[in-house]
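Engineer: Fold the following and give me the result.
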Amino acid sequence: MEFFPCLQIGLWNAWILMVIFPLQPLIMSGIEKAAGTGPILKRMGEHPSNPRERYLNLVYTVTEGLLILYSIFLPLRIGTFWFFTGMGLYLIGLILLLWVGFSVAKTPEGQPFTTGVYRISRHPGYLSQGIIFLGVSVASASWVFLIFTVILWVISAFFASGEEKACLEKYGEVYSQFLKRTPRWPGIPKGARIFQKAD
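Structural biologist: Predicted structure coming up:
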């Protein structure tokens, strides 16, 4: 991997992979029409409520925007080990992201998301985006992209903690049981306190 790869505008740059993020509302709209269950993005979450979460949301949004902009100038390492490994990760993340949409669409209104992909992770949306960013980092062999990906992972972990607290207050025992049986991140024990927000 290179820390500062040669930047150039081109058709086969990382933007091809990053275009999924600006298109995400359209993709979710297609899923909700296919499922016929109402607006998915509205059901997936509320706006941050406290100043710290609003600040983290701003940092996350700006960082994601910078990565999308950076991807326009970042060539993919087509035909290399980096490219094929990164594309494998990217496709896993993309499939996971679509699975999140269908899992949310199939959840009855007013119920917590606990079925489908939510059986393997309490926050598969953050997980899928993280894997997609990691895939782009590897496919382009860019350390800079990877560093910003890690920043987004850390922010997502703080968001996850706050969302769990809000869902616990909203759904009570049903969500409490979900927390007990489902890991936050696959492969990390359910009781592990990684990037937990201070109460």
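Engineer: right, and Trp82 touches Val136 too?
Structural biologist: No - using CB atoms under 8 Å, Trp82 makes no contact with Val136, being 10.9 Å away. Heads up, the C-betas are built off the backbone N, CA and C, glycines and all.
Engineer: between these two, who's got more neighbours?
Structural biologist: Val136 (29 against 19; other CB atoms under 10 Å).
Engineer: can you pull the pLDDT of the more buried one?
Structural biologist: The model reports Val136 with a pLDDT of 97.
Engineer: Which of the three states applies to it?
Structural biologist: At Val136, secondary structure determined by DSSP: H, G, I helix; E, B strand; the rest coil is helix.
Engineer: roughly how far apart are it and Gly30?
Structural biologist: Look at Val136 and Gly30: by CB to CB, to the nearest Å, they are 23 Å apart.
Engineer: List the buried residues in whichever strand or helix holds Thr61.
Structural biologist: Taking DSSP states H and E as the definition, Thr61 sits inside helix 51-72. The neighbour-count check on helix 51-72 (16 or more other CB atoms under 10 Å) flags 53, 56, 60, 63-64, 67-68, 70-71 as buried.
Engineer: which residues are in contact with it?
Structural biologist: 9, 13-15, 17-18, 21-22, 47-48, 133, 136, 140, 144-145, 148-149, 151-152, 155-156, 158-159, 162 (CB atoms under 8 Å, 6 or more residues apart in numbering).
Engineer: In JSON lines, list the buried residues of helix 51-72 along with distance to Tyr126 and pLDDT.
Structural biologist: Putting the buried residues of helix 51-72 into JSON lines (distance: CB to CB, whole Å; pLDDT from 0 to 100) gives the following:
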{"residue": "Glu53", "distance to Tyr126": "14", "pLDDT": "81"}
{"residue": "Leu56", "distance to Tyr126": "12", "pLDDT": "86"}
{"residue": "Tyr60", "distance to Tyr126": "10", "pLDDT": "90"}
{"residue": "Thr63", "distance to Tyr126": "14", "pLDDT": "92"}
{"residue": "Glu64", "distance to Tyr126": "12", "pLDDT": "91"}
{"residue": "Leu67", "distance to Tyr126": "15", "pLDDT": "92"}
{"residue": "Ile68", "distance to Tyr126": "17", "pLDDT": "92"}
{"residue": "Tyr70", "distance to Tyr126": "21", "pLDDT": "92"}
{"residue": "Ser71", "distance to Tyr126": "20", "pLDDT": "93"}
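Engineer: Now do the buried residues in stretch 25-34.
Structural biologist: Neighbour-count burial for stretch 25-34 flags 28, 31-32 (criterion: 16+ other CB under 10 Å).
Engineer: hmm, which of the contacts of helix 51-72 are the buried ones?
Structural biologist: By neighbour count, with 16+ other CB under 10 Å, the contacts of helix 51-72 hold 13-15, 17-18, 21, 48, 133, 136, 140, 144-145, 148-149, 152, 155-156, 158-159, 162 as buried.
Engineer: Return the subset of these lying in helices.
Structural biologist: Mapping the buried ones among the contacts of helix 51-72 onto helices (DSSP state H) picks out 15, 17-18, 21, 133, 136, 144-145, 148-149, 152, 155-156, 158-159, 162.
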